[in-house]
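# Have a look; sequence and predicted model below, questions after that.
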Amino acid sequence: MDISSITETLSGTIFGVWFLAGAALVFWMQAGFAMVEAGFTRAKNTGNIIMKNLMDFCIGTVMWFLIGASFMLSYTDPATGQVSTGIWSVIGKPGFSVFSQYASFDFSNFVFNLVFCATTATIVSGAMAERTKFSTYCLYSAIISGIIYPIEAHWVWGGGFLAQWGFHDYAGSNCIHMVGGICALIGAAMLGPRLGKFVRTKGGKVTKVNAFPGHNITIGALGVFILWFGWYGFNGAAATDVPTLGSVFLTTTVAPAVATVTCMIFTWIKYGKPDVSMCLNASLAGLVAITAPCDVTDCTGAAVIGIVSGLLVIFGVWLLDHKLHIDDPVGAVAVHMCNGIWGTVAVGLFATQSAPGFAVAGIKEGLFYGGGLEQLGLQVMGMLITILWTVVTISIVFFVLKKTIGLRVSAEEEIIGLDKLEHGLDTGYAGFAISYTAEEIQEARENHVTLPVSESVPVVRVSEEHSDKKMTKIEIITRQTKFNALKEAMNEIGVTGMTVSNVMGCGLQKGANEFYRGIPVEINLLPKIRVDIVVSKVPVERVIDAARKALYTGHIGDGKIFVLDVENVVKVRTGESGYDALQGDDER
C-alpha cells in the first residue's frame, strides 16, 4: 500500500470518527433546547419542560428505528447492491433493515440522522410551552419524528426529488428549522395564548400585550451557549475535508455573532437598553440562517446573513405579539421558521465558488455572486413544496388531537403550574424552598430531644410597672444596598434587634418603564429589603429620624417607613410579654 492509499484511508477514518463526534454534539443540543425553554418560561412549569425535552429524544428514537429511518434514508438492495431513492423519489422504502440486516447496516448514518430528527420536534415544544397537555405533546412529537420530518428530509438528504433538482440545504435551515418553526406556529395558534397574555375587549379585539418575563435568564443563556457549541457539530459533522470543515466553522461563528451585535444595537436604540433575551434569540437566529448555506458561502455572505437574521428575529417576535396575536414564550417561530426561510433563500443569494464546499455541493452560484436566478428559483420552489407538506400534515395532526383528546390543559392546571398537576412535582426548585419529606420529619422526631415548655424556663408575668408602656412596630422597606447603613444607624441609637426579609416590590412609578422582548413591563418588581423593628423604650421618632438619615439619597426608590401599633409581644423562651419581652438580650 503506497503512501497516498494510507493517507486516504487514515483521512476516511478520521472523518468517520468526526461524523459520529458531530452526532454527539447535536445530541448535546437537546440540553441547550431544554435550558433555553426552561429559562424563558415561568418556574412553575420547569419540570414539565425538562420532561418534554427528554421525551422528544426518547420518543423520537423509538419512532426513528421503527419507521422514520426507512422513510428518510436511501435503501440499498442487498442482492444487487444498488441504492434506491425510494418510492418515486418521494418517500423511502419502508423496511426493518436495522433488525434484519444488522451486520451490514450503516450504523453511523442511522445515528447521525436520528439526532437531527429529534431536533425538529424539540422546536415545537417552546412555542407551545406552559399550556399543552403532556399526553398530547408526546403524540404529536411521535408523529413529527416518525412521519412528517423523515418524508420531507428524504427529498433533500435521502436522494429524493429535491436533491435531484439541485436544491441545497446543507444542514437543515429548511428541513429541520423551518419545518419545526411552521409546526410551532400552527400549534401555538390552534392552542391559544397563555392566560393573561393578551387583553381583549368583549368583541375579541386585542388592546394590550402583556409581558411574561422568563424566570431564569441565566439558564436561558447557558442553553444558548450549549446550542452554539453543538452547532459546530450540527453544521460541520458532514464535512469530509479540512478546508470545508474550517470554512463551515468560520461561517457558523460569524453569522450568529453579527446577528447578536445587530440585535443589540437595534434594541438599544429602540428601547433605550439592549434586550438580553432578544439578543440570545438573535444568536440562535444567526445559527439557524447559516445552517443551509454554511458550506457554500464566504465570510462576507455569512456577515450579511447575520445582519438580516438579527433584525428578522426582532420583527418575528413583534409580528406574533402585536399583529398575529400568537403566544410564543421562547421566540421559536421567529428564530426557527423566519430564519429557516431566510437561510434557505440565502443559498440562492450567497453561494460562491470560493467556498471550499461549493464544488462538492454541485449547485449554481448565488445571485449576488453572478450566478443569476437559477439557484434562487430552485431554493424558493423546494422551500414552498416543503412548506405545503408541513402545513397540511401538521394541521391535520393538531386538528385531530384537538377534537379528540384535546391540546390544552385546564385553566386551573395552567394557573397552578404543569409541574404540580401534570407530573405531581411541587416545584422544579425544591432545594430552594423549605420542605421536608415524611421520612425526614420522622427522623427529626426520633433524634431530637425536647423539654416541655413548662420545664424549660419559668414563666415570668408582665410587670405592673411597665404594663402601660406603648409598643410600636416600625417597618422599613428600602434598597438592599442600604442595609448596612441602616443597621449601623439603628445600632447607634440602641436598637439591635430586627427582622430582615428579602422582598420584591415597586412604588407608584411601577419600577420605571422597562421592556421585555419589546413589550413594556407594566409593573417591574425590584429587589428590596424589609426591616421590621418593634420598640418601646426607644422613642419612635428617634428611630424614624435615624432611618431617614441613613436611607436618604433624594432619588426615587429610597423607600418607605410604616409605623404600626403593637397590641402585645410574647418572648417564647421566657414567656415574658409586653414591654418586658422587648428587654434583655435585645433591649429596645
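Cool, the structure landed.
# where are the low-confidence patches of the chain?
Applying pLDDT under 70 to the chain flags the ranges 1-12, 74-86, 431-468, 507-514, 522-525, 584-588.
# and F96, how many neighbours does it have?
Applying the criterion other C-beta atoms under 10 Å, we find 12 residues in the vicinity of F96. In short, each C-beta sits where N, CA and C put it, glycine included.
# Look up the closest residue to it, ignoring the ones flanking it.
Counting by C-beta to C-beta, 6 or more residues apart in numbering, the nearest residue to F96 once its immediate chain neighbours are dropped is S70, at 7.3 Å.
# before we move on, what about D275?
Using C-beta to C-beta, 6+ apart and skipping the chain neighbours, the partner closest in space to D275 is T267 (4.0 Å).
# For L373, give me its contacts.
For L373, the contacting residues are 348, 367, taking C-beta atoms under 8 Å, 6 or more residues apart in numbering as the criterion.
# Against M178, how distant is it?
Plainly put, L373 is 21 Å away from M178 if you go by C-beta to C-beta, to the nearest Å.
# sorry, back to before: from P539, how far out is the residue nearest to D275?
From T267 to P539 the distance is 52 Å (C-beta to C-beta).
# ok, which stretches of the stretch 1-150 of the chain are strands?
With DSSP state E, counting those that start in this stretch, the ranges of strands along the stretch 1-150 of the chain come out as 75-76, 83-84.
# pretty sure T496 is touching M490, no?
Yes - because the distance of 7.2 Å satisfies C-beta atoms under 8 Å, T496 is recorded as touching M490.
# before we move on, what SS does the residue nearest to D275 have?
helix (DSSP: H, G, I helix; E, B strand; the rest coil).
# about what we covered before: surely the residue nearest to F96 meets K93?
Yes - proximity of S70 to K93 meets the contact threshold set by C-beta under 8 Å, at 6.6 Å.
# Looking only at neighbour counts, state which of those two leads.
Neighbour comparison, S70 and K93: the larger count goes to S70, with 22 against 15 (by other C-beta under 10 Å).
# Report the contact partners of the more buried one.
Contacts for S70 were tallied using C-beta under 8 Å, 6+ apart; they are 92-97.
# and the closest residue to V345 other than its chain neighbours, what helix or strand is that in?
Distances taken as C-beta to C-beta, 6+ apart place Q379 nearest to V345, at 5.7 Å, with adjacent residues excluded. Using DSSP states H and E, Q379 falls within helix 374-403.
# isn't T240 right next to T13, touching?
No - applying C-beta under 8 Å, one finds T240 not in contact with T13, separated by 12.0 Å.
# neighbour-wise, which of these two wins?
Set T240 next to T13 and count neighbours by other C-beta under 10 Å: T240 wins out with 15 against 10.
# Is that one part of a helix or strand, or is it coil?
When the structure is split into helix, strand and coil by three-state DSSP, T240 lands in coil.
# From W231, how far off is the residue lying closest to it once chain neighbours are set aside?
Nearest residue to T240, sequence neighbours excluded (C-beta to C-beta, 6+ apart): F15, at 5.2 Å. Taking C-beta to C-beta as the measure, F15 falls 19 Å from W231.
# Just want to know which of the two has more residues nearby.
Set side by side, F15 and W231 show unequal neighbour counts under other C-beta under 10 Å, the larger going to W231 at 27 against 17.
# The residue lying closest to the more buried one once chain neighbours are set aside: neighbouring residues, count only.
Spatial nearest neighbour of W231, chain neighbours left out: L287 (5.0 Å); criterion: C-beta to C-beta, 6+ apart. Under the neighbour criterion other C-beta under 10 Å, L287 is assigned a count of 30.
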